[in-house]
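S.K.: show me the folded form of this:
(chains A and B)
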Amino acid sequence: MKRVAIVGYAQHPILKNAGALNEVELIMPVVHQLFNDLGISQKDIDFTCSGSCDYLQGAAFAFVEGLSAIQTNPPIKESHVEMDAAWAMYESMLKIQMGDAETALIYGFGKSSPGDLDAIISLQMDPYYISPLWPDRVSLAALQARVLLNQNIISQEQMLATVMEARANSKNNKNALITDLIDESDYLNNPMVSSPLNKLDCPPISDGSSAMIIASEEKAYEFTDHPIWIEGIDHRIESSNLGSRNLATSNTLQASIKQLNLKNIKFDVAELHTQFSHEVPFLKFLLNLQDVPTNLSGGPLVGNVMMCAGLDAVGKTYESLKENQLTHGLAHATSGPCLQHNMLVHLEAKK
Amino acid sequence: MIQAGVIGVGQTKYDAKRRDVSMAGLVREAIDNAMLAANLEWDAIDAVILGKAPDMFEGVIMPELYLADAIGAVGKPVLRVHTAGSVGGSTAVIAASHVCSGQFKTVLTVTFEKQSESNATWALSPRYPYSPHINAGAGGYFAPFIREYIRRYEAPEHIGWKVAAKDRQNALKNPLAHLHIPGIDEKMVSDTPMLWEPLRYLESCPSSDGACAMVITAQDQVGSRNVAWIKGMAVRSEGTLSAGRDEVNPQAGIDCAKDIYNQAGIQNPFNEIDCAEIYVPFSWYEPMWLENLGFCDLGEGWKLTDKGATAIDGELPFNMSGGVLSSNPIGASGMIRFGEAALQVMGLAEDHQVEDAKVAMGHAYGGAAQFFAMWIVSSSLD
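M.R.: Below is the predicted model of the structure:
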């Protein structure tokens, strides 16, 4: 199998409200930063792939608008997933492995501030029986949190610790949106959004973008002496019917752990696409990460750009391995209610 | 590179309103037909690749989440592609890429649109902040490009009527087609009201509900199955407002076609391709794409159409199934082109089969004529 490496990643400062900055204006700075860092331009990119969601923009072709951020004359090989940009990275990796590209540019963008994210995301559900009830994303997450608490898989104390730690870790992340520290009484005095999740258990509404460049083995060494390899990657989806899922575990993550043979790998660092506090101890338990520094960037609880946060988990893992000369990193991306669709990425810095 | 081929194509009956099925039922109808054609069990499927045009066409966001069960993806990888009108084609290319990467042996790909659940012209006419509101839909957007084509090459107005009548006559040979118009001819087309000058009502595609699915597998998994081998596949994009862009003859379309001809070793596409399913949602796009895809010189496309070269018994049959002009579930329309091309070289196109079709082309485009996906399929691997 052809090896693929990450050679660059850039993230826009996460904004509470990007205001009149449109998607193109959010994408251009991160793409140009990557190009400048690597000393390349769009003509050095063989394949371009983006992740975005039309409903966030309130128009049918968000990605078409977004493409204006990229030089497309002469025309480019380009595609788009209506998913988190982590899946755009996945598609790009396949293109490199099949020999159709040596380099790929990936970008994701999302502005959640103009719309009502709860209402928008409720349209992910079964349109005939569930969506008409407008189930909001926090209430759906709360269902799983309640199951996990009731079965003693996680505790309320772990949720509190997760929230405090995310905010403490935000100091490592120059792009974090939420940086103020809290104490236990702040947490306990916060109003419930949907029991057992209070406001601090939930991610902030966020605007932003990020971009990444991946390359084949031959090409990667032209960019850097220390590429970070995508050593393993696997993603799987679960049923849309919440009632037929066991929310106390994740069949798909179990399958991915097996597929990637993760049991015996000692990870140095992990970044998880955990949008709600209960998901951190849950995934740390499932992925056997109890002793592994996790979400050192603060994770989605300090900034959660829709359609980017999964790619950001991969990007932050890449940065950790690179900056701290670590060896094994694990990144996780997710989509859908109650962690319905999960991707695991094993990154490795080969000495 | 690993060779991949199509071993099963499945389609639904196309119609204005498929009220008998939900979205899940619609995609499953196409998938069941594809799985039957491929003669495969579910555990043979390693991944599912879903494509459709904007989520606003049905009002379901990221529908792979809701459809995970219906598309047989539970426990498997699933990818959702959205590249505007070209999506049916680009989804097929990405599905084949899963196999050609070596990561997957056999994949299922499905595309759909259930236009009756919403209103496409509304969804295509968004109000962007700080921009004038066009409210054009697709026909209003493409009509100026068509007028410019007619001006450049002094094409007579009956060319559009001829394409519209020819594709609907082909549709009468395809029981799955949405539009079956008995006695359709140029006169009937030219008598219909003008919608967007020069496009008349019957020169426009319908709004359809429907789905199309394919099973794509690696060479070593084929066994004794009937296969449409993928000899070349590519995508190209250009920006809506790129400087110097020619909307009538987009460079992205030219480059994409050259790419697949090179991969397939085709030097003279007009002579070496036996038939083609080309994305023609408005009649005039047939002569425009004949030129853009290198089947003839600039300005010669309408003459080929006029002399009947693209008829089902012509030198280069176009849209034997009736094309987008006869069935248009937007997100699936590109994959129907790719799947119909495969059926031709597999010899499974029944009443609309082109005799001895060995090499066929599938084509899709989208956006403001800026996104392209194409493939060449062949009955033989050499």
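S.K.: doesn't B:I146 fall inside a helix?
M.R.: Yes: looking at B:I146 with DSSP: H, G, I helix; E, B strand; the rest coil, it is inside a helix.
S.K.: surely it touches B:E203?
M.R.: No: checked against CB atoms under 8 Å, the pair B:I146 and B:E203 is beyond contact range at 9.4 Å. Any C-beta I mention is one placed from the backbone N, CA and C, and that applies to glycine too.
S.K.: so what sits against both of the two?
M.R.: Residues touching both B:I146 and B:E203 by CB atoms under 8 Å, 6 or more residues apart in numbering or on different chains: B:G160, B:F282, B:W284.
S.K.: now do the buried residues in the helix or strand of chain B with the lowest mean pLDDT.
M.R.: Every helix and strand of chain B was ranked by mean pLDDT, DSSP states H and E. The lowest is helix B:120-123, at a mean of 79. Using 16 or more other CB atoms under 10 Å in any protein chain shown as the test for burial, helix B:120-123 gives B:A120, B:A123.
S.K.: repeat for stretch B:140-156
M.R.: B:G140, B:Y141, B:F142, B:A143, B:F145, B:I146, B:R147, B:Y149, B:I150, B:Y153, B:A155.
S.K.: repeat for stretch B:97-113
M.R.: B:97-113.
S.K.: send the alpha carbons of that stretch over as CSV?
M.R.: What follows is stretch B:97-113, C-alpha atoms only, in CSV (Å, rounded to 0.1, in the frame of the first residue of the first chain):
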residue,chain,number,x,y,z
SER,B,97,-11.1,5.2,-6.6
HIS,B,98,-11.9,3.2,-3.4
VAL,B,99,-11.2,0.0,-5.4
CYS,B,100,-8.2,1.4,-7.4
SER,B,101,-6.5,2.6,-4.2
GLY,B,102,-6.2,-1.1,-3.1
GLN,B,103,-8.0,-0.4,0.1
PHE,B,104,-11.3,-2.0,-1.0
LYS,B,105,-12.2,-5.0,-3.1
THR,B,106,-15.8,-4.3,-3.8
VAL,B,107,-17.9,-1.2,-3.2
LEU,B,108,-21.5,-0.2,-3.7
THR,B,109,-22.3,3.3,-4.9
VAL,B,110,-25.7,5.0,-5.0
THR,B,111,-27.0,8.4,-6.0
PHE,B,112,-30.5,9.8,-5.8
GLU,B,113,-32.8,12.7,-5.8
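S.K.: for the stretch 101-250 of chain B, which residues are neighbours of chain A?
M.R.: B:101-103, B:117, B:123-124, B:126-130, B:234-245, B:250 (CB under 8 Å from any CB of the partner chain).
S.K.: please redo it, this time with the cut-off set to 6 Å
M.R.: Counting by CB under 6 Å from any CB of the partner chain, the residues of the stretch 101-250 of chain B close to chain A are B:S101, B:G102, B:A123, B:L124, B:P126, B:V235, B:R236, B:S237, B:E238, B:G239, B:S242.
S.K.: which of these ranks first by neighbour count?
M.R.: Neighbour tally across these (other CB atoms under 10 Å in any protein chain shown): the maximum, 30 neighbours, falls on B:S237.
S.K.: surely it meets A:S79?
M.R.: No: taking contacts as CB atoms under 6 Å, B:S237 lies outside contact range of A:S79: 8.0 Å.
S.K.: next, the contact list for B:G102, please.
M.R.: By CB atoms under 6 Å, 6 or more residues apart in numbering or on different chains, the contact set of B:G102 is A:M1, B:I2.
S.K.: ramachandran coordinates for it?
M.R.: When read as degrees, to the nearest 10, the backbone of B:G102 gives phi 90, psi 0.
S.K.: now the one 5 residues further on
M.R.: Dihedral angles of B:V107 (phi, psi; degrees, to the nearest 10) stand at phi -130, psi 150.
S.K.: what does A:V24 give?
M.R.: Taking degrees, to the nearest 10 as the convention, A:V24 sits at phi -60, psi -40.
S.K.: now swap in A:T48 and tell me
M.R.: Residue torsions, per degrees, to the nearest 10, at A:T48 are phi -120, psi 140.
S.K.: and it, what pLDDT?
M.R.: Listed pLDDT for A:T48 reads 98.
S.K.: distance-wise, check it relative to chain B.
M.R.: Distance from A:T48 to chain B, counting by CB to the nearest CB, to the nearest Å: 8 Å.
S.K.: list the contacts for that residue?
M.R.: A:I76, A:E78, A:L105.
S.K.: just to revisit the earlier point, looking at the buried residues of stretch B:140-156, which is nearest chain A?
M.R.: Set against chain A, the nearest of these by CB to the nearest CB is B:Y141 (11.7 Å).
S.K.: can you pull out the strands in chain A?
M.R.: Using DSSP state E, the strands of chain A run over residues A:4-11, A:47-51, A:78-81, A:103-111, A:192-194, A:197-198, A:207-216, A:228-237, A:269-271, A:328-335, A:341-348.
S.K.: wait, which of these is closest to B:G89?
M.R.: Across these, B:G89 has its closest neighbour in strand A:78-81 (10.9 Å, CB to CB).
S.K.: pull the CA atoms of the closest one into CSV?
M.R.: Taking C-alpha atoms only, strand A:78-81 is exported to CSV below (Å, rounded to 0.1, in the frame of the first residue of the first chain):
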residue,chain,number,x,y,z
GLU,A,78,-11.3,18.7,-7.3
SER,A,79,-14.0,17.2,-5.3
HIS,A,80,-16.2,17.9,-2.3
VAL,A,81,-17.8,15.9,0.5
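S.K.: which other residues reach it?
M.R.: By CB under 6 Å, 6+ apart, strand A:78-81 touches A:T48, A:C49, A:S50, A:G51, A:F63, A:W87, A:A88, B:R80, B:H82, B:T83, B:S90, B:S237.
S.K.: quick one: it to chain centroid distance?
M.R.: In terms of CA atoms, centre = their mean, to the nearest Å, the centre of strand A:78-81 is found 17 Å from the chain centre.
S.K.: and it, average pLDDT?
M.R.: Per-residue pLDDT values across strand A:78-81 average out to 98.
S.K.: show me which residues of it are buried.
M.R.: Applying 16+ other CB under 10 Å to strand A:78-81 flags A:E78, A:S79, A:H80, A:V81 as buried.
S.K.: same deal with stretch B:277-292?
M.R.: B:277-292.
S.K.: so which of those also contact chain A?
M.R.: Okay, of the buried residues of stretch B:277-292, nothing touches chain A (CB under 6 Å from any CB).
S.K.: where does chain B have low pLDDT?
M.R.: B:128-131, B:134-135 (pLDDT under 70).
S.K.: residues in contact with stretch A:222-238?
M.R.: So stretch A:222-238 is contacted by A:3-7, A:38, A:220, A:245, A:252, A:255-256, A:259-260, A:318, A:321, A:340-341, A:343-349, B:68, B:73, B:75-78 (CB under 6 Å, 6+ apart).
S.K.: one more: stretch A:179-190?
M.R.: Counting by CB under 6 Å, 6+ apart, A:L160, A:R167, A:S170, A:N198, A:K199, A:L200 sit against stretch A:179-190.
S.K.: quick one on the thing from earlier: tabulate the strands of chain A (TSV), appending distance to A:L286.
M.R.: Output for those, formatted as TSV (distance: least, CB to CB, whole Å):
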stretch	distance to A:L286
strand A:4-11	24
strand A:47-51	25
strand A:78-81	25
strand A:103-111	25
strand A:192-194	23
strand A:197-198	19
strand A:207-216	26
strand A:228-237	13
strand A:269-271	12
strand A:328-335	10
strand A:341-348	10
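S.K.: out of those strands, which comes closest to A:D136?
M.R.: Here strand A:192-194 is closest among these (CB to CB), at 7.4 Å.
S.K.: partner strands of that closest one and their direction?
M.R.: Here strand A:192-194 has these sheet partners by DSSP bridges: strand A:197-198 (antiparallel).
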